[in-house]
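*Asks:* Could you work out the structure for the sequence below:
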Amino acid sequence: MNKLKLTLLLGLTLSLPLFAANLEKGFRNPPPETRPWVYWYFMDGNLSREGITADLEAMRDAGIGGAIFLEVDLGLPRGSIKFMSPEWQVLFVHAVHESERLGIDLAVAAGPGWCGAGGPWVTPDHSMQDLVASETNVMGPAKFDSVLSRPPPRVPFFGESTLTPELAKQWREFYRDVAVLAFPKPKGNLRLTDVDEKALYHRALPGCASNRSLRRTPA
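*Replies:* Here you go, the predicted model:
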């Protein structure tokens, strides 16, 4: 073994204990950039200075590195703080100052609700959409030349009453063809029961508003 190889081997051997010590230290006390983030939900207007401070201090004690501040409405007993009211803004500033004091990064959703990126600037063709379908039975052999029936839009997940007049108009009127399928009619009147629940395109998951079907309409 030449002198160079001996020096490299000696250096590697001497550095292993230091590497192990640093690894254990980092595992016991992870640096800020490796700490996990959490969703920080404020539900149905229930906010307070004391609650904000208690939450953030608990996150700090648990080793949380960051929180995503999100306002949601789950139908719980209503709190007194209305989203974006002067009181809400004061509490949000308090949350920012407390997160800075405790060394916790803070991210904010663009708006209240499960999807915080909506707004009038999102046109229907760029919004979340449903897929829905209709069927037309034809007796053949024959040449078919007719306009297919237009399927109705699927009822919004939280009901039509939750839509503004503008959104309700878009929901009723927006339509775009995606595909036309032609196939022999199955024998008898066999149909899948609860087809929406058996399909991946339409599923309401616990705690999440998810709604997909077979016609494109603004959700």
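
*Asks:* Quick check: which ranges of the chain have low pLDDT?
*Replies:* 1-20, 110-119, 195-219 (pLDDT under 70).

*Asks:* Okay, helices next: where are they in it?
*Replies:* 3-28, 49-62, 86-102, 165-173, 195-198 (DSSP state H).

*Asks:* and Gln129, how many neighbours?
*Replies:* 19 (other C-beta atoms under 10 Å). To be clear about C-beta, it is placed using only N, CA and C from the backbone, and glycine gets the same treatment.

*Asks:* Please apply the same query to the one 3 residues further on.
*Replies:* If you count neighbours by other C-beta under 10 Å, Val132 ends up with 20.

*Asks:* That one touches Val155, doesn't it?
*Replies:* No - Val132 is not in contact with Val155 according to C-beta atoms under 8 Å; the separation is 10.5 Å.

*Asks:* Who are the contact partners of the nearest residue to Asn46 once chain neighbours are set aside?
*Replies:* Counting by C-beta to C-beta, 6 or more residues apart in numbering, Asn46 lies nearest to Gly79, which is 3.5 Å off, once chain neighbours are set aside. The contact partners of Gly79, by C-beta atoms under 8 Å, 6 or more residues apart in numbering, come to Met43, Asp44, Gly45, Asn46, Leu47.

*Asks:* how about the last one, phi and psi?
*Replies:* Okay, so that is Leu47. With angles defined as degrees, to the nearest 10, Leu47 sits at phi -130, psi 150.

*Asks:* That one: what's its closest spatial neighbour, skipping adjacent residues?
*Replies:* Nearest non-adjacent residue to Leu47, counting by C-beta to C-beta, 6+ apart: Ile81, 4.4 Å away.

*Asks:* How many residues are close by Leu106?
*Replies:* For Leu106, the neighbour count with other C-beta under 10 Å is 17.

*Asks:* bridging residues for it?
*Replies:* Leu106 forms beta bridges with Ala67, as assigned by DSSP bridges.

*Asks:* Surely it touches Leu70?
*Replies:* No - with contact defined as C-beta under 8 Å, Leu106 does not count as touching Leu70 (11.3 Å).

*Asks:* For Thr123, give its distance to Arg154.
*Replies:* Per C-beta to C-beta, to the nearest Å, Thr123 is found 20 Å from Arg154.
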